[in-house]
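> Quick one: sequence plus predicted model below, questions after.
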Amino acid sequence: MLNDFELFMPTDFNEACALKANGAKPVAGGTDVYVNMHGGKKEADQVVDIKNLAELKGTSYTAGQGLVLGALTSHRQIEEWDVIKKNYYAMFQGCSQVGSVQIRYRATLGGNIMNGAPSADSIGPMLVHDAVCVVKGPNGERKIPLDKFYTGFKKFDIQPDELLARIEIPDTPANAGSAYYKYMRRGAMDLALMGVSAYVELDENDVMSHVRIALTTAGPTPMRSYSAEAVLEGQKYSDEIIIAAAEAVASEGKPRSSWRSSAEFRVRLLHDVTIMVLHEAVKRAKAEDKAQPIKQVLYKGQQGLEERPKVQG
Amino acid sequence: MKDIVVNFTLNGRQCKKLVPANKTLLRFLREDMYINSVKEGCNEGECGACTVLLDGHPVNSCLVLAAELEGKTVLTVEGLTDDDRLHPIQEAFIEAGAVQCGYCTPGMIMSAVACLNLYGHPTREQIRKEMEGNICRCTGYTRIADAILLSVEKMDAIVAEQGADVAFRGIDKNFVEKWNASYEVK
Ligand SMILES: Cc1cc2nc3c(=O)[nH]c(=O)nc-3n(C[C@H](O)[C@H](O)[C@H](O)COP(=O)(O)OP(=O)(O)OC[C@H]3O[C@@H](n4cnc5c(N)ncnc54)[C@H](O)[C@@H]3O)c2cc1C
Ligand code: FES
Ligand code: FES
């Protein structure tokens, strides 16, 4: 049994805000909150289930403008949407690797952001796609770029009476490509030991622009690596410049040691994974069909995610 | 603690119940509805032994509140059997030797139903991906994938014999269409 709480399931947005301001714990998919409660953590005396709020719903794409994703959008919806594979491939890679099928049907993008875990798989990809958070309270809406939204470990630019309402992500031009790599110890159901996301636009002379790189599990919050982006911006694509960017990432990332791995190993991974992910983003920027997987091989003999072992049968 | 009234459909039957706010769907199904196929393994979303279909989608019932059930439809293995006949997926699990201790099996079967809603004729790789949320300590998974492939053959054979209108419990031919309707593209 979960610890005792009073449950509210409002359909009125302002009612939900008032409950949250009063200390009630918002719950969307519950895949973080209820797990914590099962673990014995008393989250709050009151829980407000926000799944019935129309303001948090809707999943739409407008060509030339981009995505509007209600905070309740599930990882599964992102994973199964062809628009995402075509224009936002890193988001497909991030969201399709969250937990399991069962988790992804329930778990929401809003919950992934607001749980604040540095290992959150959807955040790096959303950071490199320049996502904007729209928070909403009784006094209206505020738009905050996702890279400004985190103010510290599990801290956000959000008021007690505000909820994250939706996420807006600009459309991508035809010369753009993105990629995410999640380093885990097994092929499913594992948190990112470390991850890197990249987005790049490439002109006809292979000059890179709008370069964005984001790091997962490399600090107290998901983060951009601005120094590495600066190394690449306006430069021609080459092995040397990618290595220089990887070195910048490795010195900017500040991973911690944990039972999953040492900080040293994570820094080394940051370096190597950045190289692979940048190459992949550039390849995708050049590709005709951007929805096609590009094999991710970090070390010799590795089975890439899209290339699962062929089993006889 | 305040109890909440919920009206829902469980395995095709309309139900109305009073539930405590903090009761999980898993405990509710086992303790109040006598649905003992759903198993508690980890209670934190890792093992999939508690998988049920909620409005057609596989979910970990240990992470869902019973209080959320208003207007919803729940399907468990008990809802797959047609009178005395097992579902082709159940038959296939037995024939392929996909069951050892059996603790994971009800969850596996519900995930298999979900997999077959998404892909009518899944490849072995697709099966492995769709079944990633269900852990089995006994079988080594190969025979579980075998069973799902066998169940597809069985259902194809029944369709060939009885015509395309034949329905299998839990299998929703319009699943993908309904799912795509949740996106708006302008
Ligand atoms: C078995 C398992 C495996 C997992 N694997 C992964 C993984 O691989 N990668 C990964 O990134 N995560 C993983 N997770 C964590 C979790 O599934 C994700 O973080 C998920 O996106 C959380 O979404 P939710 O809707 O379930 O959040 P909830 O649990 O409902 O909420 C999470 C937090 O966000 C707050 N919140 C939610 N929505 C809003 C809103 N709109 N406005 C304000 N606050 C809000 C809640 O109050 C709470 O603090 C896993 C979880 C489990 C149980
Ligand atoms: S008991 Fe629910 S996933 Fe393990
Ligand atoms: S048959 Fe024993 S856990 Fe799967």
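Ah, there it is. Ligands and ions are numbered 1, 2, ... in the order given.

> CA atoms for contacts and neighbours, from now on please.
Fine.

> Check the gap between B:Val152 and B:Gly102 for me.
Applying C-alpha to C-alpha, to the nearest Å, the value for B:Val152 to B:Gly102 is 21 Å.

> Show me which of the two is the more surrounded one.
Taking neighbours as other C-alpha atoms under 10 Å in any protein chain shown, B:Val152 and B:Gly102 compare with B:Val152 leading, 18 against 14.

> give the contact list for that one.
Going by C-alpha atoms under 8 Å, 6 or more residues apart in numbering or on different chains, B:Val152 touches B:Ile89, B:Gly120, B:His121.

> got any ranges where chain B has weak pLDDT?
Counting by pLDDT under 70, chain B contains low-confidence ranges at B:1.

> Pick out the residue closest to the middle of chain B.
Nearest to the mean C-alpha position of chain B, counting by C-alpha atoms, centre = their mean, stands B:Met110 at 2.3 Å.

> Report the contact partners of it.
So B:Met110 contacts B:Thr51, B:Val52, B:Leu53, B:Pro58, B:Thr76, B:Val77 (C-alpha under 8 Å, 6+ apart).

> So what does it have for phi and psi?
Note on B:Met110: backbone dihedrals following degrees, to the nearest 10 are phi -70, psi -40.

> Could you report the distance from it to chain A?
Relative to chain A, B:Met110 is positioned 11 Å away (C-alpha to the nearest C-alpha, to the nearest Å).

> Got the domain ranges for the chain?
Because you didn't say which chain, this covers chain A. As assigned by automatic domain parsing, chain A contains the domains A:6-49, A:55-170, A:176-312.

> nope, chain B please
B:3-76, B:88-182.

> now, of the ones you listed, which is deepest in the fold?
Ranked by mean neighbour count, the domains of chain B are led by domain B:3-76 with a mean of 20 (mean count of other C-alpha atoms under 10 Å in any protein chain shown).

> quick check, that domain touching ligand 3?
No - figure legend: domain B:3-76 not in contact with ligand 3 (C-alpha under 6 Å from any ligand atom); closest approach 8.6 Å.

> Pull the longest helix belonging to chain A out as CSV, backbone CA atoms only.
Ranked by residue count and defined by DSSP state H, the top helix of chain A is helix A:263-286. Extracted as CSV, the C-alpha positions of helix A:263-286 are listed here (Å, rounded to 0.1, in the frame of the first residue of the first chain):
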residue,chain,number,x,y,z
ALA,A,263,33.4,10.2,-12.6
GLU,A,264,36.6,9.5,-14.5
PHE,A,265,34.9,6.8,-16.6
ARG,A,266,32.0,9.2,-17.3
VAL,A,267,34.4,12.0,-18.4
ARG,A,268,36.1,9.5,-20.8
LEU,A,269,32.7,8.5,-22.1
LEU,A,270,31.6,12.1,-22.6
HIS,A,271,34.6,12.5,-24.8
ASP,A,272,34.2,9.4,-26.9
VAL,A,273,30.4,9.6,-27.1
THR,A,274,30.5,13.2,-28.2
ILE,A,275,32.7,12.3,-31.2
MET,A,276,30.3,9.5,-32.2
VAL,A,277,27.1,11.6,-31.7
LEU,A,278,28.5,14.6,-33.6
HIS,A,279,29.4,12.5,-36.6
GLU,A,280,25.9,10.9,-36.5
ALA,A,281,24.2,14.3,-36.4
VAL,A,282,26.2,15.5,-39.4
LYS,A,283,25.5,12.3,-41.3
ARG,A,284,21.8,12.8,-40.6
ALA,A,285,22.0,16.4,-41.7
LYS,A,286,23.2,15.2,-45.1
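
> What is that helix packed up against?
With contacts taken as 3 or more C-alpha pairs under 8 Å, 6 or more residues apart in numbering or on different chains; DSSP states H and E, helix A:263-286 sits against strand A:176-183, strand A:194-202, helix A:239-252.

> and that helix, which residues are buried?
Within helix A:263-286, the residues that qualify as buried by neighbour count (16 or more other C-alpha atoms under 10 Å in any protein chain shown) are A:263, A:266-267, A:269-286.

> List the residues that contact A:Val83.
Counting by C-alpha under 8 Å, 6+ apart, A:Val83 has contacts A:Tyr61.

> and the gap between it and B:Phe175?
Distance of A:Val83 to B:Phe175, computed by C-alpha to C-alpha: 19 Å.

> Can you give me every residue that contacts B:Thr179?
You called it Thr, but residue B:179 is Trp. B:Trp179 makes contact with no residue, according to C-alpha under 8 Å, 6+ apart.

> For it, give its distance to A:Asn115.
27 Å.

> And for A:Val211?
27 Å.

> So for those two, which residue has more residues nearby?
For A:Val211 versus A:Asn115, neighbours defined as other C-alpha under 10 Å are more numerous around A:Val211 (25 against 15).

> Give me the neighbour count for A:Lys41.
A:Lys41 has 13 nearby residues by other C-alpha under 10 Å.

> Also the one 4 residues further on?
Residues within reach of A:Asp45, counting by other C-alpha under 10 Å, total 14.
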